[in-house]
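Chemist: Fold the stuff below for me.
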Amino acid sequence: MQERSRITFLMRVIHNQIKVAIHKSAPMDTRKGPPTQLQGGILGYLYHHRDQPVYQKDLEKEFRVSRATATNTLQVMEREGLIVRKAQDRDGRLKRIQMTEDAYRHHEQIEAHMDWMGNQLLSGMSDDEVAELYRLLGIMMKNLERLTAGPGESPGEDEAAEEKTPPHE
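Modeler: Next up is the predicted model:
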């Protein structure tokens, strides 16, 4: 029973170890990444959704941040040359968010490193064990969404898709 009660501690330790391993193993030119975790997440989201329009409201929903936080973060990213915001013809108030070419090229290196890192973490596991790990982590994610959902919110609208693939892949 002790293992069940310590899962949050174990997950935190794993999280911290992953951060250390990523930092130590990252090629030098990828270490100059975005200064905040939110900025890195936004760049990853833009990278994986580059073939479709992304707007601020999409980022607010995906990262569960307020409008003010999203606005401030995007303003900083725009100033730093990581993103551009382009007004849409049909509604000038609606601005599509896209990565700059430099940010895209830099993020490709980060993605390659993250793929390598993921393979290192899963080494020694069979395909069935990897599938089971993703299944169990999906259950944990749903439990966390349920715990953090506000009144009237329904966690996990795309639950079927989330069960098969990990977030941001």
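Chemist: May I ask which helix or strand encompasses the most centrally placed residue in the chain?
Modeler: The centroid of the chain falls nearest to residue 41 when counting by C-alpha atoms, centre = their mean (4.3 Å). According to DSSP states H and E, residue 41 maps onto helix 37-48.
Chemist: what's the answer for residue 96, then?
Modeler: Using DSSP H and E, residue 96 falls within strand 95-99.
Chemist: Residue 73 too?
Modeler: Following DSSP H and E, one finds residue 73 within helix 67-79.
Chemist: Give me the average confidence score over that helix.
Modeler: Across helix 67-79, pLDDT averages out at 96.
Chemist: low pLDDT regions in the chain?
Modeler: Residue ranges of the chain with pLDDT under 70: 1-5, 28-34, 153-169.
Chemist: circling back to that earlier point, which residue comes closest to the residue nearest to the centre of the chain once chain neighbours are left out?
Modeler: Nearest non-adjacent residue to residue 41, counting by C-beta to C-beta, 6 or more residues apart in numbering: residue 63, 5.9 Å away. In short, each C-beta sits where N, CA and C put it, glycine included.
Chemist: distance of that neighbour from residue 131?
Modeler: 27 Å (C-beta to C-beta, to the nearest Å).
Chemist: And residue 93, by the same measure?
Modeler: Going from residue 93 to residue 131 by C-beta to C-beta gives 44 Å.
Chemist: of these two, who's got more company?
Modeler: Under the criterion of other C-beta atoms under 10 Å, the comparison of residue 93 against residue 131 puts residue 131 first, with 12 against 6.
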